[in-house]
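**Q** A structural model of the following input is requested.
(chains A and B)
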There are 2 protein chains.
Amino acid sequence: MNNAIFYHAGCPVCVSAEQALLAALDQQRLNLKVVHLGEEPTEIPAAELAGVKSVPALLLNGQVLHINFGASLDDLKGAQ
Amino acid sequence: MNNAIFYHAGCPVCVSAEQALLAALDQQRLNLKVVHLGEEPTEIPAAELAGVKSVPALLLNGQVLHINFGASLDDLKGAQ
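**A** So this is what the prediction gives:
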């Protein structure tokens, strides 16, 4: 089973694109977790350690795929 | 059936990440086409029309997901 974490911050601009990606992933073969960093800021350090620089991002078996050009994690920290 | 086109340019840095994404997609429910714009530059205008600004990118039912920070299409044109 592959592990995947989809990090986002609820950005309305990207929601439809994010939904399209989640729908396209093979969730029967993926152990997929979705983390909203705006609502779960305690997850930000783990995201940073994994190499996440911006959201939305998909962490796939430890590899970070940054998607589009979104909000930086520093911006999310400032919003708290 | 959803339509998806994965655009890339053979960038060695991103190859493993791209393979991870392709492996995670549900290809039984996706009509997936992979286009190497370095080898198929005639596909660049269609990619541009679809909104592709950089590669790698995944076009999902007309929505462009730009992945990581790759080569711009203008750079690919200059490389021909």
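**Q** looking at chain A, which helix or strand does the model trust least?
**A** helix A:73-78 (a mean of 63; mean pLDDT, DSSP states H and E).
**Q** buried residues in stretch A:28-37, which are they?
**A** The neighbour-count check on stretch A:28-37 (16 or more other CB atoms under 10 Å in any protein chain shown) flags A:30, A:32, A:35, A:37 as buried. To be clear about C-beta, it is placed using only N, CA and C from the backbone, and glycine gets the same treatment.
**Q** which of these come close to chain B?
**A** residue A:30 (CB under 8 Å from any CB of the partner chain).
**Q** ok, so of the buried residues of stretch A:28-37, who is nearest chain B?
**A** residue A:30 (5.8 Å; CB to the nearest CB).
**Q** beta partners of the closest one?
**A** Note on residue A:30: beta-bridge partners by DSSP bridges are residue A:2.
**Q** quick one on the thing from earlier: just put the buried residues of stretch A:28-37 in TSV and tack on secondary structure, pLDDT and distance to residue A:59.
**A** As requested, the buried residues of stretch A:28-37 are exported to TSV (DSSP: H, G, I helix; E, B strand; the rest coil; pLDDT from 0 to 100; distance: CB to CB, whole Å):
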residue	secondary structure	pLDDT	distance to residue A:59
A:30	strand	87	11
A:32	strand	89	10
A:35	strand	93	9
A:37	coil	91	12
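**Q** contacting residues for whichever residue of chain A sits closest to chain B?
**A** In chain A, no residue comes nearer to chain B than residue A:26, which is 3.7 Å away by CB to the nearest CB. If you count contacts by CB atoms under 8 Å, 6 or more residues apart in numbering or on different chains, residue A:26 has them with B:24-28.
**Q** helix or strand for residue A:67, which one?
**A** Applying DSSP states H and E as the criterion places residue A:67 in strand A:63-72.
**Q** relative to residue B:36, how far out is residue A:65?
**A** Distance, residue A:65 to residue B:36, by CB to CB, to the nearest Å: 18 Å.
**Q** about what we covered before: just put the contacts of residue A:26 in TSV and tack on pLDDT, secondary structure and distance to residue A:53.
**A** Output for the contacts of residue A:26, formatted as TSV (pLDDT from 0 to 100; DSSP: H, G, I helix; E, B strand; the rest coil; distance: CB to CB, whole Å):
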residue	pLDDT	secondary structure	distance to residue A:53
B:24	89	helix	20
B:25	90	strand	23
B:26	88	coil	27
B:27	83	coil	28
B:28	84	coil	32
